[in-house]
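Asks: Just a sequence and a predicted model for now, questions to come.
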Amino acid sequence: MMPLVLLGCVEQGFSEVRLDSIAVVLGDFDNVGDSLVALDIATQEYNGFIVQATYEPDEERTQWDSPGPTVEGLFTGTDEKGQLQVSAFNAVFVNSGTRGLGAFRYNNQLEPDDDLLLDTEAMDHACNFATGGGTLVVSDWAYDLVEYCWPDAMELFGDDLVPDAAQTGMPDDVLVDVKDADLVEALGATINIAYDYTAWSVIESVGAETEVLLSGTIDYQPSADQLPESLPDAPLMVRFIAGRGQVIYTTFHWSAQTPQVSQTLLLEAVEGLTEGSGDSDADTEASGA
């Protein structure tokens, strides 16, 4: 793996990237936090549930209205010193199923779910977090955040101006080609990636500055009245530099993969992430939402 951010930052006077203050936005469909915990990496959680965590047992599912810090507060709230909450971190993980980044709530087509996407201040804060030197890791349905900030980094299926248009992937276990040399050494030339839900977000191509880490032939359904089609060599995990920071996007859910795959991908692909690192005592006191 070429150290993208390290090389870029050295040229601008920075010598090291160390991710030791990490926020995780909890979403309905993915839970990268489990992999981070297994790697002994401490995080601060922010509630971003649309409805509830689908990956927990029925009797223990965390609800959207659970108390605690929220995704809205992360990107728009301030601490007691008037600083943005997100500025306390050097990495933010946004799970698939984070509210406010879609068209409608997935279980109620009459209720909008685009508050974050329409909040230009919140979205700009997210963009500026990465370009200012932060690391942003986003999965599946939360792709609207990446598309808003960096529309040329990857070309997703469907109309870029229509939320959720890319969500056409079919559930499957996909044999994936590993493109990065260090990932090949750690995992092999091919691995299996599980897609545990239908309607995952399909990437058709990437921009010139975007690195494809994993790709494979996938099945997707262009619309409800069309038969599934195949797309060869589709990008499935990508990475690019954004200003002084880095962005990693996965079409798949971290929580659907084997521990070996998810943990190895995190350590090898997310520059500066170190097993056993992290600081759960980051100053995240909020005066906002």
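Replies: Noted; the coordinates are in hand.
Asks: Buried residues of the host helix or strand of Leu231, list them for me.
Replies: Here Leu231 is covered by strand 229-242, with elements defined by DSSP states H and E. For strand 229-242, burial by neighbour count (16 or more other CB atoms under 10 Å) applies to 231, 234-242. To be clear about C-beta, it is placed using only N, CA and C from the backbone, and glycine gets the same treatment.
Asks: Those into a markdown table, with extra columns for distance to Glu271 and pLDDT?
Replies: A markdown table is the format used below for the buried residues of strand 229-242 (distance: CB to CB, whole Å; pLDDT from 0 to 100):
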| residue | distance to Glu271 | pLDDT |
| --- | --- | --- |
| Leu231 | 28 | 98 |
| Ala234 | 24 | 98 |
| Pro235 | 19 | 98 |
| Leu236 | 19 | 98 |
| Met237 | 14 | 98 |
| Val238 | 14 | 98 |
| Arg239 | 8 | 98 |
| Phe240 | 12 | 98 |
| Ile241 | 10 | 97 |
| Ala242 | 12 | 97 |
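Asks: C-terminal to the strand holding Leu231, what's the next element?
Replies: Towards the C-terminus, the helix or strand next in line after strand 229-242, according to DSSP H and E, is strand 245-250.
Asks: tell me the angle of that following strand relative to strand 229-242?
Replies: In terms of direction (axes from the mean of the first three to the mean of the last three CA atoms, to 10 degrees), strand 245-250 departs from strand 229-242 by 160 degrees.
Asks: buried ones in strand 245-250?
Replies: If you call a residue buried by 16+ other CB under 10 Å, then strand 245-250 has these buried ones: 245-250.
Asks: how about those in JSON lines, adding pLDDT and distance to Gly134?
Replies: Listed next are the buried residues of strand 245-250 as JSON lines, based on pLDDT from 0 to 100; distance: CB to CB, whole Å:
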{"residue": "Gly245", "pLDDT": "97", "distance to Gly134": "5"}
{"residue": "Gln246", "pLDDT": "97", "distance to Gly134": "8"}
{"residue": "Val247", "pLDDT": "98", "distance to Gly134": "9"}
{"residue": "Ile248", "pLDDT": "98", "distance to Gly134": "12"}
{"residue": "Tyr249", "pLDDT": "98", "distance to Gly134": "15"}
{"residue": "Thr250", "pLDDT": "98", "distance to Gly134": "18"}
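Asks: Could you pull up the residues touching the residue nearest the centre of the chain?
Replies: The residue at the geometric middle of the chain, judged as the C-alpha nearest the mean C-alpha position with CA atoms, centre = their mean, is Val138 (0.9 Å). Counting by CB atoms under 8 Å, 6 or more residues apart in numbering, Val138 makes contact with 93-94, 145-146, 247-250.
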